[in-house]
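Chemist: task: produce atomic coordinates for the following.
(one chain, ligands or ions: 1)
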Amino acid sequence: MLGHHLRGKRILLIVSGGIAAYKSLDLVRRLRERNAAVRCVMTQSAEEFVTPLSLQALSEDKVYRALFSLTDESEMGHINLSRQADLVVIAPATANILAKMAGGIADDLATTLLLATDKDVLAAPAMNVRMWNHAATQANLATLKSRGVRFIGPNEGDMACGEYGPGRMAEPLEVVAAIEAYFGTDAPLAGRRALVTSGPTYEAIDPVRFIGNRSSGKQGHALAAALASAGAETTLVSGPTAEPAPAGVSVVRIESARQMLEACQAALPVDIAICAAAVADWRVASEAPQKLKKQEGGAPPSLSFAENPDILATLSHLNEGRPRLVIGFAAETENVVENAVAKRARKGCDWMLANDVSAGTGAFGGDANTMHLITPDGVEDWPRLTKRQIADRLAAQIAAHFRSLPA
Ligand code: CTP
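Modeler: The predicted structure is shown next:
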């Protein structure tokens with residue numbers, strides 16, 4: 001796939017001054033590998049972190065620096081820099097440059113260019129978690145989003161400053177995926193909307209305890225990533241997992257099955273719905289408002305359960321606004337295909353991906369799986385594939401299905 005997607009695309013990359021600026025070097029390399037043309041503009045503080053020479057060598061182009069240079073301005077003014085780009089990318093985008101953009105400040109080449117450009121802008125924010133969470137930054141983000149600026153990341157994790165939380169710049173390959181998704185108008189699922197559920201649900205017993213399951217969310221997250229890179233506008237509704245948010249996907253984090261259903265309903269209408277979450281079938285009937293306490297010599301509490309909504313069945317049976325293609329998963333330990341065929345009929349979904357999760361298959365929490373795709377046309381046995389390969393194969397089949405439908 002390398003060298004294919006971004007051939008001939010012209011990226012104007014603005015590097016602002018944060019510790020994550022080192023990632024911009026790898027980003028340039030990845031974009032060049034895909035045959036994109038990359039032209040870099042650096043802010044003055046970016047030069048504290050990476051050198052213009054490194055960016056110049058990797059981009060194989062002149063690097064435009066913070067302060068106005070008369071020669072640059074006459075040879076290639078900010079208007080021309082923007083005119084000659086297909087997309088403006090800011091990576092890393094510091095709190096400062098976002099604030100200047102939101103406020104319309106133009107006090108160096110990068111910000112002047114951002115104020116003057118009529119091209120779409122994709123920003124990869126990177127900053128300390130407190131700066132990210134600050135009301136000023138959040139207000140600036142809301143302003144910029146309302147003006148159509150696109151964002152990728154930040155990710156959550158350990159930060160260079162020793163803190164933990166959202167603020168890490170998206171990885172270079174995630175930024176590349178977002179750029180590819182931006183240009184993916186000829187992608188097979190462009191113009192389609194998709195919804196994916198992923199991960200476990202947590203059902204509260206009291207404010208500190210819950211009932212959950214061991215679902216890792218790997219398959220659901222891989223599906224959302226595959227649909228997004230095939231061009232679908234994708235919403236991922238996910239229970240608590242350690243999986244990072246896939247690039248170019250809107251992630252809605254929930255805990256309980258009822259919250260998951262609500263988030264799915266809010267994401268409608270969609271063309272495609274894939275239920276990959278391991279939803280708890282039951283919740284505790286009455287969640288205790290206070291932490292349950294041990295009673296001296298008392299009996300352990302007994303819990304009674306209420307049935308949770310079935311999200312897959314609910315989406316499959318919608319009278320109005322039913323997704324055109326609803327896909328479920330069946331985790332079975334015996335008579336895999338037979339049980340999954342019956343489950344498809346019971347839930348009312350269109351396709352069902354069935355797999356054997358008996359002990360020793362490594363399906364649960366593992367990276368690979370052997371699937372059977374059940375459709376109205378029959379059963380297809382797939383070879384053992386990684387979860388990402390399963391996701392790509394399903395996305396390709398979904399695209400083929402939509403191509404075969406009457407317009
Ligand atoms: N599902 C759902 N909402 C629920 C339960 C399940 O959306 N409350 C979806 C899952 O995301 C999956 C499919 O339904 O797509 C699995 O169905 P389920 O009946 O839970 O099957 P298994 O988990 O395989 O368990 P069982 O065989 O006990 O029915």
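Chemist: the residue of the chain most remote from its centre: what secondary structure?
Modeler: Within the chain, residue 297 marks the point farthest from the mean C-alpha position, 50.0 Å out by C-alpha atoms, centre = their mean. What DSSP: H, G, I helix; E, B strand; the rest coil gives for residue 297 is coil.
Chemist: that one and the ligand: what is the separation?
Modeler: Here residue 297 is placed at a distance of 38 Å from the ligand (C-beta to the nearest ligand atom, to the nearest Å). For the C-beta atoms, the positions are set from N, CA and C on the backbone; glycine is no exception.
Chemist: what are the phi and psi values for that residue?
Modeler: phi 70, psi 0 (degrees, to the nearest 10).
Chemist: list the buried residues of the lengthiest helix in the chain.
Modeler: Among the segments of the chain that qualify as a helix by DSSP state H, the longest is helix 387-404. Within helix 387-404, the residues scored as buried using 16 or more other C-beta atoms under 10 Å are 387-395, 397-399, 402.
Chemist: closest one of the residues you listed to the ligand?
Modeler: residue 394 (12.8 Å; C-beta to the nearest ligand atom).
Chemist: which outside residues touch the helix or strand residue 29 falls within?
Modeler: Residue 29 belongs to helix 21-33 when assigned by DSSP states H and E. Helix 21-33 is contacted from outside by 2-3, 6, 11, 13, 15, 38, 40, 46, 49-50, 54-55, 58-60, 91-92, 126, 169, 171-173, 175-176, 179, using C-beta atoms under 8 Å, 6 or more residues apart in numbering.
Chemist: next SSE after that helix?
Modeler: Tracing the chain C-terminally past helix 21-33 and defining elements by DSSP H and E, one meets strand 37-42 next.
Chemist: what packs against that following strand?
Modeler: Packing partners of strand 37-42 (3 or more C-beta pairs under 8 Å, 6 or more residues apart in numbering; DSSP states H and E): strand 10-15, helix 21-33, helix 52-59, strand 63-64, helix 109-116.
Chemist: that older thread, pull out the buried positions in the helix holding residue 29.
Modeler: Within helix 21-33, the residues that qualify as buried by neighbour count (16+ other C-beta under 10 Å) are 21, 23, 24, 25, 27, 28, 30, 31, 32.
Chemist: before we move on, what about stretch 370-385?
Modeler: Applying 16+ other C-beta under 10 Å to stretch 370-385 flags 370, 371, 372, 373, 374, 382, 385 as buried.
Chemist: can you name the helix or strand that the fourth one falls in?
Modeler: When elements are defined using DSSP H and E, residue 373 is found to belong to strand 368-375.
Chemist: now do that strand: distance to the chain's middle.
Modeler: Its chain's C-alpha centre and that of strand 368-375 lie 24 Å apart, by C-alpha atoms, centre = their mean, to the nearest Å.
Chemist: excluding its own residues, what touches that strand? List them.
Modeler: When contacts are defined by C-beta under 8 Å, 6+ apart, strand 368-375 is touched by residues 219, 336-337, 340-341, 344, 350-356, 361-363, 379-387, 390, 394, 397.
Chemist: strands - which of those residues land there?
Modeler: 351-356, 379-386 (DSSP state E).
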